[in-house]
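In: predicted model follows, preceded by the sequence.
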Amino acid sequence: MPPMPHASPSWLSGVRERLRDTFWFAPTVGLVCAFVLWWGLSELDARIVTYLREEGSYREIEDLLAFAGDARTIVTTVSAAMMTFIGVVFSISLVAVQMASGQLTPRVVRIFVRSRISKLTLTVFLATFAFSLLVLTSYEGGTAPDPRRVTSVPLLQSLLTLGLVGLSLLLFVAYVSSTLRLMQVGPVLDHIARESLRALERQPGGPAEVPTRGPETARVLYGERAGVLRGVGVPRLVRAAERHGVVLRLVPRVGDFVVPGTPVLAVYGGAAPPSRALGRPLLVGVERALHHDPAFGLRQLSDIALRALSSSVNDPTTAVQCLDRIVQFLSVAVHLPLGPLHHRDRRGEVRLVQEVPGWTDLVDLAFEEIRWCATVSPQVTRRLLAGLDDLLVLATGERRKPLLRHRALLVEAVERTVPEAAGRAFALRPDRQGIV
């Protein structure tokens, strides 16, 4: 049983997901671009001065020097103040993110880390700072340069610096607005719900028929560092299984924590493909990600609701807002062919079986823990009943059973917890707003 290393599902998708979870790549690219722009514009400025000197247009050179001298004051001020500005802005932002993670869930930090406006703002700020420093090195001749001796006038460089300052101000306004939204419950829940629905749409549906695999013949063990399984390189595994005439089944689900020495692939119909043929198809990280794991969105919504229902927070309205998004997610999932994914080769034969959460798993994840805490708040029980009733209208056949079970358990818990008949009747009256 050869050990199988981990890596990204594909070179491009793996790199993209890793870079989206980092905060250093975009600023680094911005600094490199700032240097390249400065070098290119300094060459253009030098050519402009050379052309004007060849034409004998020293008056025009004096005008350019006058404009560059006026802009030099702004450039000097920008270079001195920008780094302080960056430190103050992002220090306050980190405090805001810490408050949001304490109020909602620590997993909201990933929203800030993956935010495009946050990365773009930091990138432009740092690029403005670095570019302004480089521009200062392009000034020649002190405060009163001789137009007949200067070899370059930083005209285009000064104009671009002024443009970067204006862009920085606009991005600062957008960044503050984005950070303030991160401290609001509604926008955070909406962001999680939209990401979860996109991940659900990307997940292929399971087939109606379940092919017969026969007995298990071998297993492939995991051989690299421990971590959370974040994605699977399906095409590579399918090609390897087709080439060796076997069927593979992924033992852990996306979102499971894998450790070295545990089985990750079960083999049917032959010997296990060698590690060289399997390649490096697993993407393992330190935390779950939504890209290949729609259930992680429900996990976050449930965590926020549980924290809101805790005795230390006691915020049932936030729990109701979480239930709004949970019902929205399940109302889409109820129509999808959930179940094990059977990935096929070019001839249509199943080569890889991937376990994913089914309908019952999603319903239990959405309602089980919340139901245990919901009896302390009639606002939450009423919203939970209304959500279950709405889903029962959409569900058909076997998909109604877990919903009916959770509804019966909720009614039983309320009847056991609330002694007064009038209180029970009030708590068990469905209401989409909880308590209007």
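Out: Received the coordinates, thanks.

In: residue 89: neighbour count?
Out: 17 (other C-beta atoms under 10 Å). Every residue, glycine included, has its C-beta placed from N, CA and C.

In: one more: the one 3 residues further on?
Out: Residue 92 is flanked by 12 other residues according to other C-beta under 10 Å.

In: what's the answer for residue 436, then?
Out: By other C-beta under 10 Å, neighbour count at residue 436 equals 6.

In: got any ranges where the stretch 51-200 of the chain has weak pLDDT?
Out: 140-148 (pLDDT under 70).

In: cool, the stretch 201-350 of the chain as well?
Out: Residues of the stretch 201-350 of the chain that meet the cut-off, pLDDT under 70, sit at 205-213.

In: for it, which segments count as helices?
Out: 234-244, 275-278, 295-309, 316-333 (DSSP state H, counting those that start in this stretch).

In: which helix or strand contains residue 127?
Out: According to DSSP states H and E, residue 127 maps onto helix 116-136.

In: from the chain's centre, how far out does stretch 42-58 sit?
Out: 49 Å (C-alpha atoms, centre = their mean, to the nearest Å).

In: packing partners of the lengthiest helix in the chain?
Out: Using DSSP state H, we find that the single longest helix of the chain is helix 58-103. The helices and strands touching helix 58-103, judged by 3 or more C-beta pairs under 8 Å, 6 or more residues apart in numbering; DSSP states H and E, are helix 25-54, helix 109-113, helix 116-136, helix 155-182.

In: buried residues in the second one?
Out: For helix 109-113, the buried set under the neighbour-count rule, 16 or more other C-beta atoms under 10 Å, comprises 109, 110, 111, 112.

In: repeat that for the first one.
Out: For helix 25-54, burial by neighbour count (16+ other C-beta under 10 Å) applies to 26-27, 30-31, 34, 37-38, 41-42, 45-46, 48-49, 52-53.

In: what sits against the residue nearest to residue 284 when sequence neighbours are not counted?
Out: Closest residue to residue 284 apart from its sequence neighbours, by C-beta to C-beta, 6 or more residues apart in numbering: residue 227 at 3.8 Å. The contact partners of residue 227, by C-beta atoms under 8 Å, 6 or more residues apart in numbering, come to 6, 257, 258, 284, 285, 286.

In: narrow these to those in strands?
Out: Under the assignment DSSP state E, the contacts of residue 227 contribute 257, 258, 284, 285 to strands.

In: out of the residues you listed, who's nearest residue 334?
Out: Nearest to residue 334 among these is residue 257, at 28.9 Å by C-beta to C-beta.

In: of the ones in strands among the contacts of residue 227, which is the nearest to residue 422?
Out: residue 257 (47.3 Å).

In: list the contacts of that closest one.
Out: Contacts of residue 257 (C-beta under 8 Å, 6+ apart): 226, 227, 228, 229.

In: which among those residues end up buried?
Out: For the contacts of residue 257, buried by 16+ other C-beta under 10 Å: 227, 228, 229.

In: now those as JSON lines including distance to residue 273?
Out: Formatted as JSON lines, the buried ones among the contacts of residue 257 follow (distance: C-beta to C-beta, whole Å):
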{"residue": "227", "distance to residue 273": "23"}
{"residue": "228", "distance to residue 273": "24"}
{"residue": "229", "distance to residue 273": "19"}
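
In: for those residues, which one is nearest residue 215?
Out: residue 229 (25.3 Å).

In: buried set for the helix holding residue 127?
Out: 118-136.

In: name the SS class of the residue located most distally from the centre of the chain, please.
Out: Distance from the C-alpha centroid of the chain peaks at residue 56, with 58.2 Å (C-alpha atoms, centre = their mean). Using DSSP: H, G, I helix; E, B strand; the rest coil, the structure places residue 56 in coil.

In: would you list the phi and psi of it?
Out: Main-chain dihedrals, residue 56, degrees, to the nearest 10: phi 70, psi 20.

In: for the spatially most central residue of the chain, give me its contacts.
Out: The chain has residue 114 as the residue nearest its centroid, 5.1 Å off, counting by C-alpha atoms, centre = their mean. Each residue near residue 114 by C-beta under 8 Å, 6+ apart is listed here: 20, 21.

In: residue 293 now?
Out: Going by C-beta under 8 Å, 6+ apart, the list of residues near residue 293 reads 199, 230, 254, 255.

In: now tabulate the helices and strands packed on helix 58-103 in TSV and tack on distance to residue 374.
Out: Shown next, in TSV, are those (distance: least, C-beta to C-beta, whole Å):
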stretch	distance to residue 374
helix 25-54	42
helix 109-113	26
helix 116-136	35
helix 155-182	27
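
In: and these: which comes nearest residue 277?
Out: Comparing those by C-beta to C-beta, helix 25-54 comes nearest, at 32.0 Å.
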